[in-house]
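K.L.:
give the three-dimensional model of this entry:
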Amino acid sequence: MKPSVIITMLVMALALQCIAKKQEREQLINQVSWTLLGQWMTKEAIFMGYSCDLQVQPRFSAWLLYYECSFSCTEWTDIIGKAVSRCKLEAAEDAVRNFVDTAMQNNLIRQIDASKWYEEQNNATKTF
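P.N.:
I've put the predicted structure just below:
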């Protein structure tokens, strides 16, 4: 086999691994975000043992209603997830997702810690 073919196959294998890890990370961010959003809708949001706050403010722009949202855990970090949308739930979800993603990018949360937290929350809500 030619060296160029072997190198191409190796590069493709490594690229697929990177894509899979990114998809896994995105899925985890979505799962954690939905869990936090569900907590907020039913009671207070607790993430990694810290109380968090989701603020939703309606705003008008060009005679259209928008929602500006921010999600923060001020006891823990100064990171604030922000989002704007015409849909209140979408803005809230995007703000939470922005917070979790930023916290992971800044190494405040490791992917394994977020996964473990999500599993604990998921197991706590299951009924037997």
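
K.L.:
report all helices and strands that the longest strand anywhere in the chain contacts.
P.N.:
When the chain is parsed with DSSP state E, its longest strand is strand 50-61. Packing contacts for strand 50-61, counted by 3 or more Cβ pairs under 8 Å, 6 or more residues apart in numbering; DSSP states H and E, involve helix 3-42, strand 45-47, strand 64-72, helix 88-105. To be clear about C-beta, it is placed using only N, CA and C from the backbone, and glycine gets the same treatment.

K.L.:
pLDDT on it, on average?
P.N.:
Computed over strand 50-61, the mean pLDDT rounds to 90.

K.L.:
what's next to it, contact-wise?
P.N.:
Outside of strand 50-61, the residues within contact range by Cβ atoms under 8 Å, 6 or more residues apart in numbering are 36-37, 40, 44-46, 65-76, 84, 88, 91-92, 95-96, 99.

K.L.:
quick one: contacts for D78?
P.N.:
Going by Cβ under 8 Å, 6+ apart, D78 touches S72.

K.L.:
try the one 5 residues further on
P.N.:
Counting by Cβ under 8 Å, 6+ apart, A83 makes contact with 68-69, 90-95, 97-98.

K.L.:
and what of I80?
P.N.:
Taking Cβ under 8 Å, 6+ apart as the definition, contacts of I80 comprise 70-72, 99.

K.L.:
mind redoing it with 6 Å?
P.N.:
For I80, the contacting residues are 70, 72, taking Cβ atoms under 6 Å, 6 or more residues apart in numbering as the criterion.
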